[in-house]
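Chemist: Take a look and give me a structure for this.
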Amino acid sequence: MLRNGGDTVTEKNDYVKTLADEILNDRFDEICDAVNAEFDEMKDDVRTYLSLLVGNACDWGNDMAHFEWQSDGCPYDHSGVVEQEGNIDPNITIGAFLDEYTGERRATFESGHGWNYISYSEALTEDIPSIEFFIMKKAIKKKVDSEKLSQDDWFELMDKIHDPLYDNTDAGLFFFPEALFDGYLSPVTLKTSLSEFLKYGRPYRRAFQRAVEKARFDNIRLDSSILFDLFLRLPKIVPTERRN
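Modeler: Predicted structure coming up:
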């Protein structure tokens, strides 16, 4: 039988199954509390990183195009078009900003509605679930013997335990940007201005860009989880206006 790091494949699979059963049956409340505690502990990092993502997406509030949807009169497809009509006010609230169109579109492969125009909320939704996964995994690592788990083992374990933990922790917030801003990212809320929110991520702008460029030079595959990890490795900065 093939061996992996001294353990047979069967032994590795048995350990993952045993660990998943232990988490879901014997230690479920403990693990849920640990996951929520980790979400709370990393709230400041999440807030700053989302500010960084939003800032990069909207060019830090400089001449942000405001798009309006309108029908193009096509009788066979009701996708319409989005046209720029002026710019977004940098002092717009986060809630209103999330509803703005980015100008990008995605094929729907639906008859009669071939294109979906992407809002900033939808764009963020593509990134933030991986942050939730990263934090949940970090919390669980502190509670189990992770030395025995390969990367493939982790994927198998998380596949077994993620949904029950999702249903019983704050993980669900990370699948809806509006939910994150509606309490979790306090003092930032949906009523906070975009310009105020961007202050959190702006000091990391250049350092993060350099880290991303280095990772690309090193041929590192940059998915959303890796990007969040790159950010967490940056030296912490306290903006001048928020220092005591």
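
Chemist: What is the neighbour count of the closest residue to Trp60 other than its chain neighbours?
Modeler: Among residues not flanking Trp60 along the chain, Leu198 sits closest, at 6.0 Å (C-beta to C-beta, 6 or more residues apart in numbering). All C-beta spots, glycine's among them, are computed from the backbone N, C-alpha and C. For Leu198, the neighbour count with other C-beta atoms under 10 Å is 18.

Chemist: repeat for Asp152
Modeler: Per other C-beta under 10 Å, the neighbour tally for Asp152 reads 11.

Chemist: Start at 211, not 1
Modeler: Okay, using 211 as the starting number, the last item reads as Asp362.

Chemist: one step back: just the mean pLDDT for the one helix or strand the residue nearest to Trp270 maps to, thanks.
Modeler: Element membership for Leu408 (DSSP states H and E) is helix 404-411. Per-residue pLDDT over helix 404-411 has a mean of 96.

Chemist: Now do the residue nearest to Trp270 against Val291, distance only.
Modeler: Using C-beta to C-beta, to the nearest Å, Leu408 is found at 29 Å from Val291.

Chemist: biggest helix in this protein by residues?
Modeler: For the chain, the longest helix by residue count, based on DSSP state H, is helix 361-378.

Chemist: Can you give me the buried ones in that helix?
Modeler: Under the neighbour-count criterion of 16 or more other C-beta atoms under 10 Å, helix 361-378 has Asp363, Glu366, Leu367, Met368, Lys370, Ile371, His372, Leu375, Tyr376, Asn378 buried.

Chemist: Give me the residues contacting it.
Modeler: 222-223, 225-227, 229-230, 233-234, 238, 241-242, 245, 343, 346-347, 350, 359, 381-382 (C-beta atoms under 8 Å, 6 or more residues apart in numbering).

Chemist: do stretch 270-278 as well
Modeler: With C-beta under 8 Å, 6+ apart, stretch 270-278 has contacts from 265, 268, 292-298, 300, 310-313, 327, 404-405, 408, 412, 415.

Chemist: Using PDB, write out every CA atom in the lengthiest strand in the chain.
Modeler: In the chain, assigned by DSSP state E, the strand with the most residues is strand 311-320. In PDB, the C-alpha atoms belonging to strand 311-320 read as follows (Å, rounded to 0.1, in the frame of the first residue of the first chain):
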ATOM      1  CA  TYR A 311     -22.000  49.000 -10.800                       C
ATOM      2  CA  THR A 312     -18.300  48.300 -11.300                       C
ATOM      3  CA  GLY A 313     -18.600  48.500 -15.100                       C
ATOM      4  CA  GLU A 314     -17.800  44.800 -15.500                       C
ATOM      5  CA  ARG A 315     -20.200  42.200 -16.700                       C
ATOM      6  CA  ARG A 316     -20.500  38.400 -16.600                       C
ATOM      7  CA  ALA A 317     -22.200  36.000 -19.000                       C
ATOM      8  CA  THR A 318     -25.300  34.400 -17.400                       C
ATOM      9  CA  PHE A 319     -25.900  31.700 -20.100                       C
ATOM     10  CA  GLU A 320     -29.600  32.400 -19.600                       C
END
